[in-house]
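**Student:** Structure of the sequence below:
(2 chains)
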Amino acid sequence: LAKTTQPISMDSYEGQEVNITCSHNNIATNDYITWYQQFPSQGPRFIIQGYKTKVTNEVASLFIPADRKSSTLSLPRVSLSDTAVYYCLVGDMNRDDKIIFGKGTRLHILP
Amino acid sequence: EAEVAQSPRYKITEKSQAVAFWCDPISGHATLYWYRQILGQGPELLVQFQDESVVDDSQLPKDRFSAERLKGVDSTLKIQPAELGDSAMYLCASSSTLPTGTGTPNYGYTFGSGTRLTVV
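**Tutor:** Numbers count the residues shown, from 1 in each chain, chains lettered A, B, ... in the order given. Presented below is the predicted three-dimensional model:
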């Protein structure tokens, strides 16, 4: 199981683009990269998933370089409601790998 | 949008008492997980079920914790006796499994809102 490393916390301002980078040097060939968002007193919520290159949905973009040893979650024009903890997970979810959560990145959006 | 149901939402219990949490996964999801999340930490996997069978319970403190999923649908996690250190959020998640090699990503887990346990 690939271990991930993320910054413990980040601050940004409303309207800015926020990029959170995750390192996963030991990612395996079949592993996908998945990001979750968690608000206080709620369960984590799926944001985006990718395997390589770039993935974009209505919430975020995920950039994955060719070597796949890192990934960057990009949140465009953040608002106060984006204040949350963001988790980067790596695993082969097609096999229901035991997915290990790290401590995540605590993002604080300032007005 | 389908949801994972958990109850109760909050629970306060005295130490040495028994407490139980219930989870109803998304219909059709064969895999069910119980996680424990201590404040300020990421979720920690306690037990994983595939249908009614336990796949992984290596992190479950079996002297006081038990989990069951008798009919392969809903699940119960029990703590007896509760200790002060058990105060945490208990999260249930479910997922479906796609055939390996399809090249189609599985969108991972769907989590419930959790049960916040406070042991006093």
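
**Student:** contacts, neighbours, all on C-alpha from now
**Tutor:** Noted.

**Student:** For the residue nearest to the spatial centre of chain B, list each beta-bridge partner.
**Tutor:** Closest residue to the average C-alpha location of chain B: residue B:34 at 2.0 Å, with Cα atoms, centre = their mean. Beta bridges link residue B:34 to residue B:47, residue B:92, judged by DSSP bridges.

**Student:** thinking it is in contact with residue B:89, fair?
**Tutor:** No: the criterion here is Cα atoms under 8 Å, and residue B:34 misses it with residue B:89 at 10.5 Å.

**Student:** quick one: the helices in chain B?
**Tutor:** For chain B, no helices are identified by DSSP state H.

**Student:** for it, what are the low-confidence residue spans?
**Tutor:** Where chain B drops to pLDDT under 70, the residues are B:97-108.

**Student:** Now do the strands in it.
**Tutor:** Along chain B, the stretches classed as strands by DSSP state E are B:5-7, B:10-13, B:19-24, B:31-37, B:44-50, B:53-56, B:65-68, B:75-79, B:88-95, B:110-111, B:115-119.

**Student:** Contacts only, for residue A:5.
**Tutor:** By Cα atoms under 8 Å, 6 or more residues apart in numbering or on different chains, the contact set of residue A:5 is A:22, A:23, A:24, A:102.

**Student:** Check the residues you listed one by one and keep those near chain B.
**Tutor:** Among the contacts of residue A:5, the residues within reach of chain B (Cα under 8 Å from any Cα of the partner chain) are residue A:102.

**Student:** can you put the contacts of residue A:5 in TSV and add secondary structure, neighbour count and distance to residue B:47?
**Tutor:** Output for the contacts of residue A:5, formatted as TSV (DSSP: H, G, I helix; E, B strand; the rest coil; neighbours: other Cα atoms under 10 Å in any protein chain shown; distance: Cα to Cα, whole Å):
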residue	secondary structure	neighbour count	distance to residue B:47
A:22	strand	23	26
A:23	strand	18	27
A:24	coil	21	25
A:102	coil	19	17
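
**Student:** Let me know whether residue A:71 touches residue A:54 as I believe.
**Tutor:** No: counting by Cα under 8 Å, residue A:71 stays clear of residue A:54, with 9.6 Å between them.

**Student:** Give me the common contacts of these two.
**Tutor:** Contact criterion Cα under 8 Å, 6+ apart; residues shared by residue A:71 and residue A:54: A:62, A:63, A:64.
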